[in-house]
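Student: Starting from these lines, generate the structure:
(chains A and B)
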Protein chains: 2
Amino acid sequence: MQPVVSREVHLKSRPEYLPVLENFEIVETPIPALDEQQVLIRNLFFSVDPYMRGRMVERAGANSFQLGKPMEGACIGVVLKSRSTDIKVGDYVLGEKSWRDYYISAGTGLTKIEPNGNPVQAYLGVLGMPGFTAYLGLYKVGQLHEGETVFVSAAAGAVGNVVCQLAKLKGCKVIGSAGSDEKVRWLREHGGIEAFNYRKVESIRGALQQLCPAGIDLYFDNVGGPHLEAALECMKTHGRIVLCGMMSKMEQGNRPFALPNLNLAVRQRLTLTGFRASDHLDLYAKFSSDMSGWIEEGKIVWTETIVNGLENAPAAFLGLFKGENLGKMLVRL
Amino acid sequence: MQPVVSREVHLKSRPEYLPVLENFEIVETPIPALDEQQVLIRNLFFSVDPYMRGRMVERAGANSFQLGKPMEGACIGVVLKSRSTDIKVGDYVLGEKSWRDYYISAGTGLTKIEPNGNPVQAYLGVLGMPGFTAYLGLYKVGQLHEGETVFVSAAAGAVGNVVCQLAKLKGCKVIGSAGSDEKVRWLREHGGIEAFNYRKVESIRGALQQLCPAGIDLYFDNVGGPHLEAALECMKTHGRIVLCGMMSKMEQGNRPFALPNLNLAVRQRLTLTGFRASDHLDLYAKFSSDMSGWIEEGKIVWTETIVNGLENAPAAFLGLFKGENLGKMLVRL
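Tutor: Numbers count the residues shown, from 1 in each chain, chains lettered A, B, ... in the order given. Next up, the predicted model:
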């Protein structure tokens, strides 16, 4: 029987700085009947990601979410009804219509998923954009070489988690920073890398000097802020810094973090490169095939944090900014 | 008749932050007789450069000047006496033994100069390391393309001056920032570029938005600080920033400038690259030949600021940090 209403999480107001629960509202909307070529999809999982905060504000080029409309992003669903010739009932599909129970699609923007023995939600994590971001940042943007020393911040996060594994695959020495003892333990025991809890060390710089006394070849920066400042002090000459996110700018209330030592980029002849995975979609097929192979060979370990229930999605999202996730943060419906 | 004493400028004490006159001392030293294969050189010009400040302090990897020894750097001299089989009396030579009247050399580290109609001191500027730095930074590090929009800070300085000309050669739109109306006038009238006096505009960012409303493809950063902050706000997506110097860090007393907006490097997918000309000496011959050709064809305009007398070298050097030079700052003996 077709469901008649879908719950959706709408953007109710725009955040001043860090998002708060009051920015969201759960709304029930009727589900219309299907037109020709349309399919009805029930979401199984959707992704909450730090970048979504940037879309919650109004700014030129931000592709802003609209007030009174649902939050959007990657989701995995199953087809409940179909009037499409291409998509069948029972197919798993990846879409960009997250933060709701059900949606109707004419098929554009949907990608069929063949789980191949992997949990479907892996296509929102290690086999999806976070995995692709790690792959691009290390191999294309960062030009990683065999045997280098790699430092990763937010190493237990959705992207960092995969970065550590991919660097290990290249025979690199990997040092990860994370914000809890539990994450550090996971990184050491399951991730097989050296790790430290940045909230407990005397200084990040000191920890880096101890763990990589010969310096860092590549820093995969997921946070900016004090991590970037410390890494700059520890880079080898001609080192590379891949700038993937600057979330820690948001940790300090309204006063943005300011970087006092970028002069070291001149002294040490460093390259810092900001990138966004969506600029490189031509490499996605290669990534998918490489990553599936590595997973099949048991070379990649990953983890995820699952929050149950659409009504808990805003809290899960806010949790990202408090470091509540180990691996990819997902909402299961 | 052979001179018997040479005046030298010694490093007397190390600067706390900005160098001061008291850090220097003029010392007379006897000139010994020549051994076999040695030559005696009378310096005609030497270079004072901002990078020398970094060598005045003691720090690992800084190639520090020694207390009680002469300041060193690029100089152009003429051979007065020779017991060498390769170098003749009257030859012009480029060396690294600046801040003194005379020096003796066994020939290693000397490069013979053929002026080819250019003033010999051009080999300390447009045809020397500053010119090479501009050439490398734009063409190799910055990967400049025909017709791009280029912003240059310290555009009337030794390096910036040449950067503007080389970018114009590639058919680029060039915007230069300088610290006096005289420099801005020179850049407009002789340099043929758009320029503004950063001390007189309401904001650097505003000036940039007005002069390059479509954004900057390449920022050649000679100063760091507020210029870098403003340029970050005006870069096109995928823009490049070439980091050549961060002198403005030193303008603000002991409190280093801190950059509040490097997050834009992620949002706009920018690349920032620090470089040093001495890492790329394999390209020097190509540079020499290219630059000589362009000068011969009248395609390059340059200027210089000459201070007379060894005794005035410390003041000339300090003047660099106050922006007293238009083009290369040189000391003539």
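
Student: Surely A:Arg53 and A:Pro19 touch.
Tutor: Yes: between A:Arg53 and A:Pro19 there is a contact under Cβ atoms under 8 Å: 5.8 Å. C-betas here are computed from N, CA, C, even on glycine.

Student: joint contacts of these two?
Tutor: Common neighbours of A:Arg53 and A:Pro19, counting by Cβ atoms under 8 Å, 6 or more residues apart in numbering or on different chains, are A:Phe321.

Student: Break down the stretch 1-150 of chain A into its helices, ranges please.
Tutor: Along the stretch 1-150 of chain A, counting by DSSP state H, counting those that start in this stretch, helices occupy A:52-55, A:129-135.

Student: quick one: A:Leu124 and chain B, what's the gap?
Tutor: Distance of A:Leu124 to chain B, given as Cβ to the nearest Cβ, to the nearest Å: 21 Å.

Student: Kindly apply the preceding question to A:Phe65 instead.
Tutor: Separation of A:Phe65 from chain B (Cβ to the nearest Cβ): 17 Å.

Student: quick one: that residue and A:Glu72 touch, right?
Tutor: Yes: the criterion here is Cβ under 8 Å, and A:Phe65 meets it with A:Glu72 at 6.7 Å.

Student: shared neighbours of those two, anything?
Tutor: A:Arg55.

Student: what about the two, which has more around it?
Tutor: Each of A:Phe65 and A:Glu72 has its neighbours counted (other Cβ atoms under 10 Å in any protein chain shown); A:Phe65 has more, 22 against 19.

Student: hmm, back to that, and the helices of the stretch 1-150 of chain A as JSON lines, adding mean neighbour count and distance to chain B?
Tutor: Listed next are the helices of the stretch 1-150 of chain A as JSON lines, based on neighbours: other Cβ atoms under 10 Å in any protein chain shown; distance: least, Cβ to the nearest Cβ, whole Å:
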{"stretch": "helix A:52-55", "mean neighbour count": "18", "distance to chain B": "8"}
{"stretch": "helix A:129-135", "mean neighbour count": "26", "distance to chain B": "12"}
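
Student: Among the ones you listed, show the one with the smallest mean pLDDT.
Tutor: Out of the helices of the stretch 1-150 of chain A, helix A:52-55 stands lowest, with a mean of 92 (criterion: mean pLDDT).

Student: Give me the distance between that helix and the centre of its chain.
Tutor: 13 Å (Cα atoms, centre = their mean, to the nearest Å).

Student: What is the neighbour count of A:Thr111?
Tutor: For A:Thr111, the neighbour count with other Cβ under 10 Å is 13.

Student: Leaving out sequence neighbours, find the closest residue to it.
Tutor: Take A:Thr111 and drop its neighbours on the chain: the residue closest to it by Cβ to Cβ, 6 or more residues apart in numbering or on different chains is A:Leu94, 4.4 Å away.

Student: Tell me if I'm right that the one you found and A:Leu110 touch.
Tutor: Yes: using Cβ under 8 Å, A:Leu94 makes contact with A:Leu110 at a distance of 7.1 Å.

Student: Around chain B, which positions in chain A sit nearby?
Tutor: Residues of chain A that fall close to chain B, judged by Cβ under 8 Å from any Cβ of the partner chain: A:54, A:224, A:228, A:238, A:243-246, A:249, A:256-276, A:279.

Student: which stretches of the stretch 1-150 of chain A have low pLDDT?
Tutor: Residues of the stretch 1-150 of chain A meeting the criterion pLDDT under 70: A:1.

Student: my bad, should have said the stretch 151-300 of chain A
Tutor: Within the stretch 151-300 of chain A, the ranges that satisfy pLDDT under 70 run A:247-255.

Student: One more pass at 90, please.
Tutor: Applying pLDDT under 90 to the stretch 151-300 of chain A picks out residues A:245-257.

Student: Would you map the strands across it?
Tutor: For the stretch 151-300 of chain A, applying DSSP state E, counting those that start in this stretch gives strands covering A:173-178, A:194-197, A:216-221, A:235-243, A:271-274.

Student: Isn't A:Gly10 up against A:Gln66?
Tutor: One thing to correct before we go on: residue A:10 is His, not Gly. No: in this structure, A:His10 is not within contact of A:Gln66 by Cβ under 8 Å, at 9.1 Å.

Student: Those two - which one has more neighbours?
Tutor: Neighbours were counted for A:His10 and for A:Gln66 using other Cβ under 10 Å; A:His10 has more, 19 against 11.

Student: Chain B versus that one, what's the distance?
Tutor: Noted for A:His10: a distance of 25 Å to chain B, by Cβ to the nearest Cβ.

Student: which residues sit in contact with that residue?
Tutor: Applying Cβ under 8 Å, 6+ apart to A:His10 gives the contacts A:Phe24, A:Glu25, A:Ile26, A:Val27, A:Gly68, A:Lys69, A:Pro70, A:Met71.

Student: For it, name its beta-bridge partners.
Tutor: The partner list for A:His10 in beta bridges (DSSP bridges) reads A:Glu25, A:Pro70.

Student: I'd like to know how many residues surround the residue in chain A positioned nearest to chain B.
Tutor: With Cβ to the nearest Cβ, the shortest gap between chain A and chain B falls at A:Ala258, namely 3.4 Å. The tally of other residues near A:Ala258 (other Cβ under 10 Å) stands at 15.

Student: That one reaches B:Asn263, doesn't it?
Tutor: No: A:Ala258 sits out of contact with B:Asn263 when judged by Cβ under 8 Å, with a separation of 10.8 Å.

Student: which residues does the residue nearest to A:Thr111 bridge with?
Tutor: Beta-bridge partners recorded for A:Leu94 (DSSP bridges): A:Ile76, A:Thr111.

Student: Quick check: PyMOL command selecting the buried ones in the residues of chain A next to chain B.
Tutor: Per 16 or more other Cβ atoms under 10 Å in any protein chain shown, the buried members of these correspond to this PyMOL selection:
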select buried, chain A and resi 54+224+228+243+244+245+246+249+256+257+259+261+262+263+264+265+266+267+268+269+270+271+272+273+274+275+276
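
Student: gap between the nearest residue to A:Gly147 once chain neighbours are set aside and B:Glu36?
Tutor: Spatial nearest neighbour of A:Gly147, chain neighbours left out: A:Gly171 (5.2 Å); criterion: Cβ to Cβ, 6+ apart. Remark: distance between A:Gly171 and B:Glu36 (Cβ to Cβ, to the nearest Å) = 54 Å.

Student: give me every residue that touches the spatially closest residue to A:Leu228 that is not a sequence neighbour.
Tutor: Among residues not flanking A:Leu228 along the chain, A:Asp221 sits closest, at 5.5 Å (Cβ to Cβ, 6+ apart). Contacts for A:Asp221 (Cβ under 8 Å, 6+ apart) come out as A:Ser153, A:His227, A:Leu228, A:Ala231, A:Ile241, A:Val242, A:Leu243, A:Cys244, A:Gly245, A:Met246.

Student: at 10 Å what do you get?
Tutor: With contacts defined as Cβ atoms under 10 Å, 6 or more residues apart in numbering or on different chains, the neighbours of A:Asp221 are A:137, A:151-154, A:160, A:227-228, A:231-232, A:241-246, A:248, A:272, A:274, B:262, B:266.

Student: swap in A:Lys173?
Tutor: Going by Cβ under 10 Å, 6+ apart, the list of residues near A:Lys173 reads A:147-151, A:167, A:193-194, A:211-212, A:214, A:216-217.
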